[in-house]
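K.L.:
Provided below for reference: sequence and predicted model.
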Amino acid sequence: MRSFLVALVFLLAVYFLIGQMAEAQQIAETLRRGDWRWLVAAFLLQLVWTTNVAASLRAIYRALGIEEKIERLFPLAAAAFFVNIVAPVGGMSGVAVFIAEAKRRGQPIGRVSTAAALLVLYDYAAFLLVLILGLTILFRRGQLTGAEISASAILFLLAVGMGFLLYLGTRSGGQLGRALAWMAGAINGLLRPFIRRDYLSIDQAHDFGHDAAEGLREARRSPGTLIFPVALALSSKALLISILFFVFMAFRQPFSIGTLIAGFSIAYLFLIISPTPSGIGFVEGILTLTLTGLGVPLAAAALIALAYRGITLWLPVAYGLVAFRMVSRAEPSRSA
């Protein structure tokens, strides 16, 4: 079964790459036009960003009572990013990578899944702080529209909903289990007419809630351990803004700090709230329009948007494929 799922992911990857070949070629041609020294610096910074994600996971794992090495978490983070792109299931397919690794190494699945949820929550919270600055800049320059406001509201509601579930877990495993069981029941009700069976186990939802609650109670005993991931989440956004800065430099395009923050804010917002997986084909267009509205010439804005996406999306897909292969070939282990 495990081999079948791995083969399925690789089949989806081939299908995805074939479908996106034209855009990949366009991005490759765009990168050739930039100053290679700045682009290499941006490539290296992208690797630092993934390392930052792995460090955040390690800090969250430790807060939940799980010891893990960053050299193990780096390929897991890269593989999860890759799976989220080629097999999008509401952003949850990447979590399956962590769950599979937890099963392989005998780690508590509820805590590992909670760690992944906390990583996303920290990411949303840190980005919302940057987004406020970006929206303020757009408002002051007369570029703020209803689309940005609506997408920001959806992101805020997602963060609040996830935060509420984690808050329930800190209070009671039973309450979290009942909330998850209710959600599982609602999903089963929607899918039962099509698949003729329950898609999710209600009993497992209760067990998952109790397991997650134990990890959250562990974190509450040392609340200071949850501060470091906050700093890492903020530094993650600084790294991505720095990559955008390097891209501007590579194409010798003048800019202001406000342009960088506003451009990044809109690109990342619609990376999360997008009708396409990771905003493929959508973020490039809206980032181009945003930069143009901020005074960047249209031709330069299009080049910068394509190059930035090539570095922050396609480069992680490339090494994420290698990481997924490494993770999927790992032998089962009984040690945690």
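P.N.:
On my side now, so go ahead. Residues are numbered from 1 along each chain as shown.

K.L.:
Val48 sits in which helix or strand?
P.N.:
Take DSSP states H and E as the rule and Val48 turns out to sit in helix 36-63.

K.L.:
go on, Leu157?
P.N.:
Secondary structure from DSSP H and E places Leu157 in helix 146-171.

K.L.:
List the buried residues of that helix.
P.N.:
If you call a residue buried by 16 or more other CB atoms under 10 Å, then helix 146-171 has these buried ones: 148, 151-152, 155, 158-159, 162, 165-166, 168-169. For glycine as for every other residue, the C-beta is placed from the backbone atoms N, C-alpha and C.

K.L.:
Ok, stretch 278-293 next?
P.N.:
For stretch 278-293, the buried set under the neighbour-count rule, 16+ other CB under 10 Å, comprises 278-280, 282-284, 286-293.

K.L.:
ok, back up a step: what is the helix holding Leu157 packed up against?
P.N.:
Packing contacts for helix 146-171, counted by 3 or more CB pairs under 8 Å, 6 or more residues apart in numbering; DSSP states H and E, involve helix 109-140, helix 173-195, helix 202-221, helix 257-272.

K.L.:
if you set the cut-off to 10 Å instead, what comes out?
P.N.:
Secondary structure elements in contact with helix 146-171, counted by 3 or more CB pairs under 10 Å, 6 or more residues apart in numbering; DSSP states H and E, are helix 109-140, helix 173-195, helix 202-221, helix 257-272, helix 283-293.

K.L.:
Just put these in a markdown table and tack on mean pLDDT and distance to Gly320.
P.N.:
Written out in a markdown table, the entries for these read as follows (pLDDT from 0 to 100; distance: least, CB to CB, whole Å):
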| stretch | mean pLDDT | distance to Gly320 |
| --- | --- | --- |
| helix 109-140 | 88 | 16 |
| helix 173-195 | 69 | 28 |
| helix 202-221 | 67 | 26 |
| helix 257-272 | 93 | 16 |
| helix 283-293 | 91 | 18 |
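
K.L.:
returning to what we had before: tabulate the buried residues of helix 146-171 (CSV), appending pLDDT and distance to Ile304.
P.N.:
Supplementary listing: the buried residues of helix 146-171 in CSV, determined by pLDDT from 0 to 100; distance: CB to CB, whole Å:
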residue, pLDDT, distance to Ile304
Glu148, 91, 19
Ala151, 91, 21
Ser152, 93, 23
Leu155, 90, 24
Leu158, 86, 28
Ala159, 88, 28
Met162, 80, 32
Leu165, 78, 38
Leu166, 76, 37
Leu168, 74, 43
Gly169, 72, 42
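
K.L.:
Quickly name whichever of those residues is closest to Ile132.
P.N.:
For Ile132, the nearest member of the buried residues of helix 146-171 is Ser152. The distance, counting by CB to CB, is 8.9 Å.

K.L.:
The closest one and Thr136 touch, don't they?
P.N.:
No - here Ser152 does not reach Thr136: they are 11.7 Å apart, not a contact under CB atoms under 10 Å.

K.L.:
who touches both of the two?
P.N.:
Residues touching both Ser152 and Thr136 (CB atoms under 10 Å, 6 or more residues apart in numbering): 144, 265.

K.L.:
Any figure for the gap between Ile132 and Glu148?
P.N.:
Look at Ile132 and Glu148: by CB to CB, to the nearest Å, they are 12 Å apart.

K.L.:
residues bridging contact with those two, i.e. touching both?
P.N.:
With contacts taken as CB under 10 Å, 6+ apart, Ile132 and Glu148 have Ser265 as neighbours in common.

K.L.:
What angle do helix 109-140 and the one helix or strand Val97 maps to make with each other?
P.N.:
Assigned by DSSP H and E, Val97 belongs to helix 93-105. Inter-element angle recorded for helix 93-105 and helix 109-140: 160 degrees (by axes from the mean of the first three to the mean of the last three CA atoms, to 10 degrees).
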